[in-house]
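Peer 1: task: produce atomic coordinates for the following.
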Amino acid sequence: MHRLLKRQLRKTGLSLDHPPDKVQWKQFLENISQNYQQADDDRYLLERSLQISSDEMQALFRTQKASTEGRFQALLNAIPDLVFMLDEQGKYIEIIAGDETDLFLPLSELKNKYLHDIMPRSEADTFLEMISRAIKDNTLQLTKYQMQVQSGSRVFEGRVVPTGLKVHEYHTVLFLARDITELDQTHEQLEHIATHDALTDLPNRVMMHERLQQAISRAVRHKSRAALMLMDLDHFKNINDSLGHSIGDSVLSEISQRLQKVSRVEDSVFRLGGDEFILLIEDLDGSENAARIAAHILKIFKDPIRTNNMELEVTGSIGITMIPEDGEDSESLLRQADNAMYAAKEAGRNSYHFYTEELGKRSHALLSLETRLRKAILNNELELHYQPQFSLRNDELIGLEALVRWPNADPQHRSPEVFIGIAEMSGLIETLGSWVMRQACLQGQDWLTRQLDFGRIAINLSSRQLNNPGLAEEVKTIMEETGMQGHRLELEMTETMVVHHGSTVQTNLEAFHSMGIQLAIDDFGTGHSSLINLKRFPLNRLKIDRSFVDGLGEDANDEVITSASIALARQLGYEVVAEGVETENQADFLKQQNCDFAQGYLFARPMPAEAVEKFIPALKKN
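Peer 2: You can find the predicted model right below:
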């Protein structure tokens, strides 16, 4: 801007040693206006400094018949800034343009006043330093400040532009001030939205990373200690699935308020997303202090949460990592707190657990196993084995249960309970479930093509699959691509997955029923049994868990439970399958109670597809 001013001064014939009078000011500004379109650098600098829009300037140029005085006034009116000339002592030499209500004093009173006359000394000194810097370095100086003016408290963006002119031997500057109060408020609102959670108004992940890094730096610099606590609500998914997301949101809002109430002023509470919260506790004496604070935080779950005329019992699990002894990297600390939180859940939930080196090694091992399992799925290294199911009335084969195996896994990971658990935790379970579904349908259709009648194939669904809105469409696509018919399939799920259902589960079950697919409740009696709720779904059969079958003929309680389960299921119109039948005594008891079907080692062990192809023809010969 100062180069432009000098250039225009030279064109006007003015000396740098003598300031222009009022008439010359008019000519000076007119020359800037007339040359506005002639040079790109002039246009850019004027727009940036005087903030005159191109449209406004074009409107001025279209006013060809306007008088010189009119054009000058129009130019001043087009400038949205306050424009002053001050000398290096902070004296107002000239008030060139501006809304009088945005001035500290009326125009008539402001001229020839000094900065120290109209504002606190500290603020005046700041402006004088900026003026001095602009004159000394011959550079544009920028600032943002808030002032109490006649129209109220306003926020301004100021530019100090050296003019190269002197008044009574004092150097002068132009001071351009733009009222950015509304813009500043909008910026603050946008920044708040970007750094805070919309539901709870807690700081979000973005701000958490920033504050965590600051806390790490302080702990290292001052040799102090801090704790990073990751809290996850226990079984929160059941609330969303069974009661709806609006109730879930009410729970999250209440939890956030309780966390803020029990936290110290100097502590920080964040919501990472979902049902995860972070607490950053600084200036601790040690881990014992952190443990006391964690125990205190868990007390927020003592009282039930009341929402929508309901009382909900909610608990949480907390993972704790200490700073700086457990690490000085934010990502590592978050990962450690997450590992510790899952350890708290495994220990029974509603508790806290500190990160340890053992947990770190275990986490690394699980990640390695997850990677190997992912590759095994992609490379078709898994296999399906099939366990036959028989009718207890006539000993006929009525179906096969598909069971996944990983033959190339390390011995300690070969058990389905191990690697399926890993798939559940890592989110691979849906990929694994899709693989099992497709392979079972391909195999079943191949057998049918070769006139090998197996009845139906039972396939287990995970909770993640059943709550996936796209599951029914995926199953339909697999059936169409493989040629498998719906009546040849049975999908099994646990009673907990169905009882704690959401609308997605209901929709999927109804879609499966419309495709002709059979539906069964697996491990019946081990979850939250609710036959009344189960009756609302299009189910076909219940599978009695082997933990009850084991005691038949020996444990009277198991016999009572099994008998009652069979009787209730039959009254509700369901067929009954008994799992884990291994002895003749167990089979005889089940027949006496009119159980429909059974599977277990007494009849046949799970076997690969090649063995099934020999097993079924052998049955027909016998």
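Peer 1: low-confidence ranges, this structure, go.
Peer 2: Scanning the chain for pLDDT under 70 picks out the ranges 1-80, 97-104, 107, 148-152, 499-502, 525-534, 622.
Peer 1: domain ranges for it?
Peer 2: Listed domain ranges for the chain are 2-184, 196-355, 389-402+456-621 (source: automatic domain parsing).
Peer 1: start and end of the shortest one, how far apart?
Peer 2: Terminal residues of domain 196-355 are spaced 28 Å apart (C-alpha to C-alpha, to the nearest Å).
Peer 1: how far is it from where the chain is centred?
Peer 2: Centroid separation for domain 196-355 versus its chain: 15 Å, with C-alpha atoms, centre = their mean, to the nearest Å.
Peer 1: quick revisit: could I get the domains of the chain as CSV with distance to residue 448?
Peer 2: Placement of C-beta: from N, CA and C, glycine included. Listed next are those as CSV, based on distance: least, C-beta to C-beta, whole Å:
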stretch, distance to residue 448
domain 2-184, 71
domain 196-355, 36
domain 389-402+456-621, 8
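Peer 1: and the next helix or strand past the lengthiest strand in the chain?
Peer 2: In the chain, assigned by DSSP state E, the strand with the most residues is strand 152-167. Per DSSP states H and E, strand 152-167 leads on to strand 170-179 as the next helix or strand towards the C-terminus.
Peer 1: ok, back up a step: nearest to residue 370, out of the domains of the chain?
Peer 2: In terms of C-beta to C-beta, the element of those nearest to residue 370 is domain 196-355, at 13.6 Å.
Peer 1: isn't residue 205 up against residue 270?
Peer 2: Yes: between residue 205 and residue 270 there is a contact under C-beta atoms under 8 Å: 7.2 Å.
Peer 1: pick out whichever of the two has more residues nearby.
Peer 2: residue 270 (26 against 16; other C-beta atoms under 10 Å).
Peer 1: show me the contacts for that one.
Peer 2: By C-beta atoms under 8 Å, 6 or more residues apart in numbering, residue 270 lies in contact with 202-205, 207-208, 211, 277-280.
Peer 1: for the stretch 451-600 of the chain, just list every one of the helices.
Peer 2: Along the stretch 451-600 of the chain, the stretches classed as helices by DSSP state H, counting those that start in this stretch are 463-466, 471-482, 495-499, 503-514, 531-534, 546-549, 556-571, 584-592.
Peer 1: export the ones you listed as CSV, with columns for mean neighbour count and distance to residue 431.
Peer 2: Putting the helices of the stretch 451-600 of the chain into CSV (neighbours: other C-beta atoms under 10 Å; distance: least, C-beta to C-beta, whole Å) gives the following:
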stretch, mean neighbour count, distance to residue 431
helix 463-466, 20, 10
helix 471-482, 17, 11
helix 495-499, 21, 19
helix 503-514, 17, 18
helix 531-534, 15, 29
helix 546-549, 20, 28
helix 556-571, 16, 33
helix 584-592, 17, 37
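Peer 1: partner residues bridging the spatially most central residue of the chain?
Peer 2: Geometric centre of the chain, nearest residue: residue 273, 4.0 Å, by C-alpha atoms, centre = their mean. Taking DSSP bridges, one finds residue 276 as the beta-bridge partners of residue 273.
Peer 1: quick check, it in contact with residue 205.
Peer 2: Yes: contact criterion C-beta under 8 Å: residue 273 and residue 205 qualify, at 6.7 Å.
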